[in-house]
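Engineer: Got a sequence here, can you model it:
(chains A and B)
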Amino acid sequence: MMVKRIILLLAITFSILLLMVWWRPFSFPYDINSAADHSFSSLISRKDDTVSDTLSRDDEGFARALKPREFSFPSDHGPHNAYRTEWWYFTGNLKNADNRKFGYELTFFRFALSAKTPASKSAWRTNQMYMAHLTLTDVKEDRFYTDERFSRAGNDLAGASNKKYRVWLYDWSALTEGDSDFPLRLSAKSDEFALDLSLKSKKGYVLQGKQGLSRKSPEPGNASYYYSYTRLPTEGHISIAGNKFIVTGESWMDREWSTSSLSDEQSGWDWFALQLQDNSELMFYQLRRKDGLPDSNSAGSFILADNSQIPLKVKDMTIEILDHWKSPHSKVTYPSKWRLTIPGQNLDIEVVPLINDQELNVSYRYWEGAVSVNGTKNGKPVSGQGYVELAGYQ
Amino acid sequence: MSSILGRASRNFLWRHPWQLILAIVGIALGVAVVISIDLAMESSLTAFEQAGKAFSGTATRRITAGDGGLDEKLYTRLRVEQGIQKIAPVVSGYVQLQQTDESFKLIGIDPFMEKSLQAVWQAQQSTNNASGFLTRLVSEPNTVLMSKQTAQRLRLAVNDSLTVMADNREQRLKIIGFITPNNAVSEQVLASLIITDIATSQEVLGLFGQLSSIELLMDNNHPETLSNIKQILPGNALLLSTDAQSESMREMTRAFSINLKALGLLSLLVGMFLIYNTMTFLVMQRRRLIGSLRAIGVTRRQIFKLIIGEAVLLALIGTLAGIALGIALGQGLLYLISDTINAVYFRIDTTSLLMTPLQIGKGVLLGMGATLLAVLPPAFEATRFPPVTVLTRSQLESGSRRLINAAGLIGLVLIAGGTALAFFSEKSISLGLAGIFLLLFGFALLTPVFTLFFMKLIEQLFDRLSGILGRLPARMVSAEISRTGIAIAALMIAVAATIGMDLMIGSFRQTVSQWLQVTLRADLYVSLPGEKMAADKVKEDHLLKKKLAELPGVQMLSSVLQTRIIADNKFTKVSVFELNAESKKGFIFKHAVDNDLWGKLEQQHSILVTEPYAYHHSVRLGQKVLLQTDQGNLPFEVIGIYADYSGDQGHIAMSRQNYQIYWPDLGYSGIGVYAKDGTDLRALENQLNKLLTAEQSVKSDRAIYRASMQTFEQTFTITETLRWLSAAIAFTGVFSALMALQFERTRQLGILRAIGITPRQLTALIVSETGLMGLVAGLFAIPAGYFVAYVLIFIVYQRSFGWTMAFYSDPWVIVQGLALAFIAALCAGIFPALKMAQTKPAEALRTE
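Structural biologist: As a prediction, the model looks like this:
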């Protein structure tokens, strides 16, 4: 009996010891297997706060868009590092010879992490960070592909040039291969999909807002410098899962830089960039307030076939939401069909996404998708295409 | 029934506490030594690997470069031109904390890269809610992350600063967050790391334009990407899988590790003797009891279970104690082992012990297994006792006489087999050591035969000199050879191992000392350590050399640059020499040398290799070795093989002239100064000292000699320590065996007392018996030890490390071994002798 008891006692002591040994944060060399890929693109519906936090930090020391400026190219295609944020925004509607439709977005963002650049002998020391988003919409398959990249501007890993058009982040780039600004070559590839496009300029650029100064709220400085190339005939190829498609179509480029744009009571914006069949374009951004009311600073412009520009104010335009779509990924509800009317232009159109699910679940969540346009202009039927961006929805 | 058996067992065991304690000590020590070596060795290597995982996470491949460093533009090319994803740049180095002089590894990473690498600092991102902590790391210079434990130990909180020495200056680092361990990197490893942004790392370490490595997460499905990368790699860079790297690291230390583990096993083996001995004693003592139990109906199976049950109990207690002791011992060994690895192989960071359940489990298995194995023979013996009839000792002994002769024969076969195994082990160290174990075991089996022969000799010698009392000790040893033999064999093994290792270390020491005396030709040696990647080093080194040459007392200079180049797709140490007529005499070639060797070394694509290099890479004279240059792999002819004991991996040597054609100038590692005849060396040394920076130093050839010999002694500290541990176990074993033997003979000694032998005579009798046993163990250990030393020097060490050594026999070693055996045995006899002498004859007779 005694021996049994001693054995029992020892067994218990021993198990406790073993348990203690297991409990401590020991390493288990055998369970280190190469883990599944959790790169940014596959982090569906999980937000990374780093980038969004960067956007809302103290503005002290940064330059602000206070008054109209002289634009000069190609240097203004380059970076404006004194401002907090900047982007090079390319979107476009494409189709192949079989009329299969695609949409794409390639955007380069620049963020200044701090107002001052620290002096250093290290090529890695920089306060400029770049982010790029790439999406591809495959209408036939109802698929939406996204990917993103991050890098600091240091060691030539990312950046933009003010000598000739070149903006790049790793191997994603938009650059001119000749001496003039166009044609521009966009190339970017992800694991699943890629694009390689050449963009010509058909109509030249337009300065948005007041000679390029686009106010987002009455507060001085809550504005950006903003110019657009509204019609860029595009050709090249895209590939999805190894299948290559030769495509043609039309792109739109927006360039904008600012230090702060939204004011405290504003929650986000709906932005429309539409190209109508008759060679005219419509750009309008509707700012939304946190209290749900439309913001009086919303604005846009109507660009005629001859590139002349008609500025649009809130009162010039009505936007009616006809439908909603709830994202299965983020559970966020977005508007998904609009009726736009501009009485002054005799324009009455419906804007419908090519597919509903064009939500980017990357480090900064937003909806940006290819749309089709149908309606009437001066009583005659008109159609078109474009891109809509829905930001700030929760 | 079982409760009666249990009680019988317990009562008996309680009456022999000393035996129990010694048996437990034996198991505990054996297990402790094995576990501690395993823990310490594994901790050192695992810490090294885990430190890598802290910043590279799940990276599977790594691009590293030699001392020239990796150009940071290579990373840009891979990312921007090749579009390769999931790669990460690293800039790392060491900084010294001002406060405590502790050394930390500073690791610079790029926080904005793919999360798929799952490095420790990335995990931080999701757990730490303090926003923008990665942003701060990038945008604020000198911000760092460190382990919470370390910060707490240093009494630092977030936003506190610490002052470190790096790049020859004091620098302040600001803690902005903590890193937490994950399942791949433990707290202990993180404790010695500081993580920062790559820009800060370059600034703090002064490594501008350079990367330490580029980590890649890439499986084998992308052969073209890999070959693309390989194509743009510069000549000094290498792309390796991280597995292959840690494999080669383990490979480097394998010989060292196996030798240590063999020492551990030796301890366990001696421990097993001890258990076997104790259990046999406990069974023998109870042969009457067991016989009676059998008579009242207890089955053989129950008896067997009883004995095994007791052994399991002993093993459990012993093993648990052993594990606890092993962990404590491992802590001590860890420093010794990591010091040795640092001195001989590569830089590792000392950390605390990293224990895995696996290692603890191994210890438990070893302790329990060894005990049960050792107890099987006595357990079977116990079941053989026939009921009631008391088996007499004489019957047992006459049976064992036959056994002894058979054992002797087997012993001879084992010695022959062990020697053969060692000879044919080729490059396998394990086989060589297995050969030594067989040898020792063979000698152990021969011990009883030798003992009987020796005792007969003693008997005849003393027969003439004295009467019955003179003959008795020797007779007693022979009469109970089945018991004494085992004790003597255990002692013999321990002493033989000691003699063998002493001779080996002594020979090695002599060889190294002679080699150093030939090699150190210059009068003064200037050492120029420092980060070879640092920008100004080359220029300053050349300037210093020029100044040295201009000093009045200096006749000539020689120089060496120690760096790494890539040979056969592996980083290989290379010594780049600028030699003069005198320093050329410092090479001991392993073959006849023709006169134009030195000319060839300067002019042609040729190299020298050290003896260990030639051995490990199977390189012969005239063979060509492929060395990686910017122009691809180029063949270099091996024109000489020379002796070198500075490392067991070996290295290549080439002329500076040859080196500079293909590889970057990295300054010097050392400059030899040859003084003019009649120069006052002290004065010259002082003069030199004035030209040197704080980290540079000048030493005389004597000082270098002393420092080298000190390093040599240091590398053997651990071997010495372990050897003494196994000697201690052996001593415990012999002590226990001899004590058991004497107690078992209580009745016999009682009779001796009864027939008129005085207590004093009895004491003398017992002590001289054990003394005789010690003597015979010591004497027999001498040939066995020489045999072991021979195999160690000419087979195992030459094959593990590639060194040839001369055999130096040291008579002092023999004296020491003999004295050890004799004194150990003598001491073991004193306690029972005194006890027996005090026992009244009637009482002694009554115990039966």
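Engineer: going forward, measure contacts between C-alpha atoms and count neighbours the same way
Structural biologist: OK.
Engineer: worst-scoring helix or strand of the chain, pLDDT-wise?
Structural biologist: I went with chain A, as the question did not name one. The weakest-scoring helix or strand in chain A, judged by mean pLDDT, DSSP states H and E, is helix A:49-55 (a mean of 41).
Engineer: hmm, I had chain B in mind actually
Structural biologist: The least trusted helix or strand in chain B, going by mean pLDDT, DSSP H and E, turns out to be helix B:120-127, with a mean of 54.
Engineer: Would you mind identifying the next helix or strand past it?
Structural biologist: helix B:133-139 (DSSP states H and E).
Engineer: Could you tell me which strands the helix or strand following that next one is paired with, and in which direction each runs?
Structural biologist: The first helix or strand that comes after helix B:133-139 along the chain, using DSSP H and E, is strand B:143-147. On the basis of DSSP bridges, the sheet neighbours of strand B:143-147 come out as strand B:169-179 (parallel), strand B:193-197 (antiparallel).
Engineer: what would those look like in CSV with mean neighbour count?
Structural biologist: CSV is the format used below for those (neighbours: other Cα atoms under 10 Å in any protein chain shown):
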stretch, mean neighbour count
strand B:169-179, 20
strand B:193-197, 27
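Engineer: Looking at those strands, which is nearest to residue B:841?
Structural biologist: Nearest to residue B:841 among these is strand B:193-197; the distance by Cα to Cα comes to 70.8 Å.
Engineer: Tell me the secondary structure of residue A:117, please.
Structural biologist: When classified by DSSP: H, G, I helix; E, B strand; the rest coil, residue A:117 comes out as coil.
Engineer: was I right about it contacting residue A:129?
Structural biologist: No: no contact is recorded between residue A:117 and residue A:129 when judged using Cα atoms under 8 Å, the distance being 11.8 Å.
Engineer: number of nearby residues for whatever residue of the stretch 551-700 of chain B ends up closest to chain A?
Structural biologist: Taking Cα to the nearest Cα as the measure, the point where the stretch 551-700 of chain B comes nearest chain A is residue B:666, at 20.9 Å. By other Cα atoms under 10 Å in any protein chain shown, 23 other residues sit near residue B:666.
Engineer: Find the helix or strand that it is a member of.
Structural biologist: Counting by DSSP H and E, there is no helix or strand that carries residue B:666.
Engineer: Any regions of chain B where pLDDT drops low?
Structural biologist: B:1-4, B:55-56, B:113-132, B:183-184, B:349-351, B:386-400, B:464-467, B:530-535, B:844-848 (pLDDT under 70).
Engineer: quick one: the most centrally placed residue in it from chain A, how far?
Structural biologist: When Cα atoms, centre = their mean is applied to chain B, the residue found nearest the centroid is residue B:260 (3.8 Å). Note on residue B:260: its distance to chain A, by Cα to the nearest Cα, to the nearest Å, is 22 Å.
Engineer: which intervals of chain A have sub-threshold pLDDT?
Structural biologist: Looking along chain A with the criterion set at pLDDT under 70, you get A:1-59, A:261.
Engineer: quick one: contacts for residue B:266?
Structural biologist: Residue B:266 sits next to residue B:726 when contact means Cα atoms under 8 Å, 6 or more residues apart in numbering or on different chains.
Engineer: mind checking the SS state of it?
Structural biologist: helix.
Engineer: again, but for residue A:230
Structural biologist: Three-state call for residue A:230 (three-state DSSP): strand.
Engineer: Please list the residues of the stretch 101-250 of chain A that sit near chain B.
Structural biologist: A:113-114, A:118, A:120-127, A:150-152, A:155-157, A:169-172 (Cα under 8 Å from any Cα of the partner chain).
Engineer: So which of those residues are in helices?
Structural biologist: Counting by DSSP state H, no part of those is found in helices.
Engineer: what's near enough to touch the nearest residue to residue A:307 once chain neighbours are set aside?
Structural biologist: Taking Cα to Cα, 6 or more residues apart in numbering or on different chains, and ignoring the residues beside it in sequence, residue A:307 has residue A:203 as its nearest neighbour in space, at 6.2 Å. Taking Cα under 8 Å, 6+ apart as the criterion, residue A:203 is in contact with A:229, A:230, A:231, A:232, A:306, A:307.
Engineer: Narrow those residues to those that are buried.
Structural biologist: For the contacts of residue A:203, a burial check counting by 16 or more other Cα atoms under 10 Å in any protein chain shown picks out A:229, A:230, A:231, A:232, A:307.
Engineer: Tell me how far the third one lies from residue A:280.
Structural biologist: In other words, residue A:231. To residue A:280, residue A:231 is 9 Å away according to Cα to Cα, to the nearest Å.
Engineer: So out of everything in chain B, what residue is nearest chain A?
Structural biologist: Sorted by distance to chain A under Cα to the nearest Cα, the residues of chain B start with residue B:80, at 4.1 Å.
Engineer: Tell me, how many residues neighbour that residue?
Structural biologist: Neighbouring residues of residue B:80 were enumerated by other Cα under 10 Å; the total is 20.
Engineer: Just confirm it is within a strand.
Structural biologist: No: assessed with three-state DSSP, residue B:80 is helix; it does not lie in a strand.
Engineer: in terms of contact, does it touch residue A:157 like I think?
Structural biologist: Yes: using Cα under 8 Å, residue B:80 is in contact with residue A:157, at 6.5 Å.
Engineer: count of neighbours near residue B:576?
Structural biologist: By the other Cα under 10 Å criterion, the neighbourhood of residue B:576 contains 24 residues.
Engineer: so which strand or helix has it?
Structural biologist: strand B:570-578.
Engineer: next structured bit after the helix or strand that contains residue B:403?
Structural biologist: With elements taken from DSSP H and E, the one containing residue B:403 is helix B:393-423. Along the chain past helix B:393-423, the next helix or strand (assigned with DSSP H and E) turns out to be helix B:429-465.
Engineer: Show me what counts as buried in that following helix.
Structural biologist: Within helix B:429-465, the residues scored as buried using 16+ other Cα under 10 Å are B:429-452, B:454-456, B:458-459, B:462.
Engineer: In the stretch 201-350 of chain A, what residue comes closest to chain B?
Structural biologist: Closest point on the stretch 201-350 of chain A to chain B, by Cα to the nearest Cα, is residue A:242, at 15.2 Å.
Engineer: burial count for that residue?
Structural biologist: If we define neighbours as other Cα under 10 Å, then residue A:242 has 11 of them.
Engineer: Same check on residue A:315?
Structural biologist: Neighbours of residue A:315 under the rule other Cα under 10 Å: 11.
Engineer: For it, which three-state class applies?
Structural biologist: helix.
Engineer: Check the gap between the residue of the stretch 201-350 of chain A closest to chain B and residue B:84 for me.
Structural biologist: Between residue A:242 and residue B:84 the distance, using Cα to Cα, works out to 17 Å.
Engineer: cool, and residue B:807?
Structural biologist: From residue B:807 over to residue B:84 the distance is 57 Å, taken as Cα to Cα.
Engineer: So which bits of the stretch 201-350 of chain B are right by chain A?
Structural biologist: With the criterion set to Cα under 8 Å from any Cα, the stretch 201-350 of chain B comes near chain A through B:202, B:203, B:208, B:209, B:313, B:316, B:317, B:320.
Engineer: so what's residue B:615 closest to, chain neighbours aside?
Structural biologist: Leaving aside its sequence neighbours, residue B:615 is closest to residue B:802 (5.4 Å, by Cα to Cα, 6+ apart).
Engineer: picking up where we left off before, let me see the contact set for the residue of chain B closest to chain A.
Structural biologist: Counting by Cα under 8 Å, 6+ apart, residue B:80 makes contact with A:157, A:169, A:170, A:171, A:172.
Engineer: neighbours around residue B:703, how many?
Structural biologist: The local packing of residue B:703 (other Cα under 10 Å) involves 13 other residues.
Engineer: before we move on, the earlier item: of all the contacts of residue B:80, which comes closest to residue B:522?
Structural biologist: Proximity of these to residue B:522, judged by Cα to Cα, is greatest for residue A:157, which lies at 50.2 Å.
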